[in-house]
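Engineer: Here is my input, please return the structure:
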Amino acid sequence: MLRSDKLDELYWRRRALGSGPTRKVLCIFAFWTGKLSSVDGLNRHGHRKRPPIEAQLAPPSPLPPLLLTRKPGSGSGSGRACDYSVGSWIYDPSFESARYDGSCKEIFKGWNCISGGKPNARDLIKWRWKPEACDLPAFDPFRFLEVNRNTNIGFVGDSLNRNMFVALFCSLKKVSGEVKKWRPAGADRGFTFLQYNLTVAYHRTNLLARYGWWSANADGGELVSLGYKEGYRVDVDIPEGTWAEAPRFHDIMIFNTGHWWWAPSKFDPIKSPMIFFKKGQPLIPPVKPDIGLDLVLEKMMKYVTNEAKSDAIKFFRTQSPRHFEGGDWDQGGSCSRSKPLSPEQVEELFALENNGTNVEARLVNRHLYKALKGSDFHVLDITHLSEFRADAHPSTFGGKKHDDCMHWCLPGITDTWNDIFVTLLTQIRTSR
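Structural biologist: Numbers count the residues shown, from 1 in each chain. Got it, this is the predicted structure:
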């Protein structure tokens, strides 16, 4: 029976081996024999089949969802708990969810699908997420500003958290234009809404932990004796400087990490591997990235808990799914769909047993759930509802040499993430 760590290792190996656009044969390492095997056969889409490496694994018990509960008398199903992450997308031509448009200057050019000319850009906002057991309250920017007077909100993570940060900023900027731009506590970007003294900031960090290029010195050492000459040093117990001061500054924080841990084009396991350090010393024997991710999550969450204000509210956002079809980003993969996926299509793209191009979202979440269990972080679960939205990426209109099937159009789905974030925030404050 394959263990969870073997599943992660197989995935990393597959991404590293299959990262070239001209590669014709997909290979995996058969760790139980130590031999390299080619995988034959094609699925019905013409893609090479991948072994059902998750089929024998019992999935870990997921974290209980953070539930929204109606107050008695608040409508049908009153008093019932509502899991916002379970539901469906409903198309409503009269529905206008956009609280800002493409004129918001903070929108990164590649995400501005309206000005970029994406055919369905204006149609994206007519899809509404409907949880099964309740309604998701509409975002009220005026109320948000008023309720969050004298508050600092920090988004800490990769560019997908910037996607979410920009969506919130543009929503607020539309109704409150008196804004000071600055970079609080090492942030990459930040704004204070002066009338309310509300600061919203984004701290860019790819791995959460500090990392940088490492080369062996003339004295050699254990790493050299094991064949390591250079790579990326990752200090699992030291936060990256871009956000190290953030816990002491912000009252509300939203964290994420994941995409860069699955980036063989940068962290090539042979040419530029991740080399993990703890307390200033390399971990011997060296550990693989999946173990490194677990260590970083453990240490960074402890750091935040120790450094944050006593009444701070901390969220960890689950992984944002990619929608590459026909190959990965560097293999001609695309996302040309014009409407959300069906539940069957979602499972075909994301089921762990299929071990497909986009399986990283659910793999990362396995590590997140493990780390978050028993912590004082709240889970902002956006993965499954986002898995349906293959239509909501910039695609060929993102200004890149390849399709952008990872980031999201703005306005778009990250506005729904913020709807959920604000609703949960209200629920948490009410329960205190």
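Engineer: following the lengthiest strand in the chain, which helix or strand comes up?
Structural biologist: With secondary structure taken from DSSP state E, the chain has its longest strand at strand 230-239. Downstream of strand 230-239, the first helix or strand assigned by DSSP states H and E is helix 246-249.
Engineer: Which residues does that following helix contact?
Structural biologist: For helix 246-249, contacts defined as C-beta atoms under 8 Å, 6 or more residues apart in numbering pick out 152, 154, 156, 184-187, 201, 203, 253, 303-304, 307-309, 312. C-beta here means a position set from N, CA and C on the backbone, and glycine is covered the same way.
Engineer: Just to be sure, which of the residues you listed are found in strands?
Structural biologist: 152, 154, 156, 201, 203, 253.
Engineer: filter the contacts of helix 246-249 to the buried ones?
Structural biologist: The neighbour count (16 or more other C-beta atoms under 10 Å) marks 152, 154, 156, 184-187, 201, 203, 253, 303-304, 308, 312 as buried among those.
Engineer: how about those in JSON lines, adding pLDDT and distance to Gly327?
Structural biologist: Converted to JSON lines, these look like this (pLDDT from 0 to 100; distance: C-beta to C-beta, whole Å):
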{"residue": "Asn152", "pLDDT": "98", "distance to Gly327": "42"}
{"residue": "Gly154", "pLDDT": "98", "distance to Gly327": "36"}
{"residue": "Val156", "pLDDT": "98", "distance to Gly327": "31"}
{"residue": "Pro184", "pLDDT": "96", "distance to Gly327": "41"}
{"residue": "Ala185", "pLDDT": "96", "distance to Gly327": "40"}
{"residue": "Gly186", "pLDDT": "95", "distance to Gly327": "37"}
{"residue": "Ala187", "pLDDT": "97", "distance to Gly327": "36"}
{"residue": "Ala201", "pLDDT": "98", "distance to Gly327": "36"}
{"residue": "His203", "pLDDT": "98", "distance to Gly327": "33"}
{"residue": "Met253", "pLDDT": "98", "distance to Gly327": "36"}
{"residue": "Tyr303", "pLDDT": "98", "distance to Gly327": "38"}
{"residue": "Val304", "pLDDT": "98", "distance to Gly327": "37"}
{"residue": "Ala308", "pLDDT": "98", "distance to Gly327": "42"}
{"residue": "Ala312", "pLDDT": "98", "distance to Gly327": "42"}
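Engineer: pLDDT on stretch 399-407, on average?
Structural biologist: The average pLDDT within stretch 399-407 is 91.
Engineer: Show me what counts as buried in that stretch.
Structural biologist: By neighbour count on 16+ other C-beta under 10 Å, the buried set for stretch 399-407 is 402-407.
Engineer: With stretch 307-321 instead?
Structural biologist: 308, 312-321.
Engineer: Out of the residues you listed, which is nearest to Leu160?
Structural biologist: Using C-beta to C-beta, Ser320 comes nearest to Leu160 of these, at 4.5 Å.
Engineer: Three-state assignment for that closest one, please.
Structural biologist: Secondary structure, DSSP: H, G, I helix; E, B strand; the rest coil: Ser320 is coil.
Engineer: contacting residues for the residue lying closest to it once chain neighbours are set aside?
Structural biologist: Excluding the flanking residues, the one nearest Ser320 by C-beta to C-beta, 6 or more residues apart in numbering is Leu160, at 4.5 Å. Leu160 sits next to 256, 259, 320, 406-408 when contact means C-beta under 8 Å, 6+ apart.
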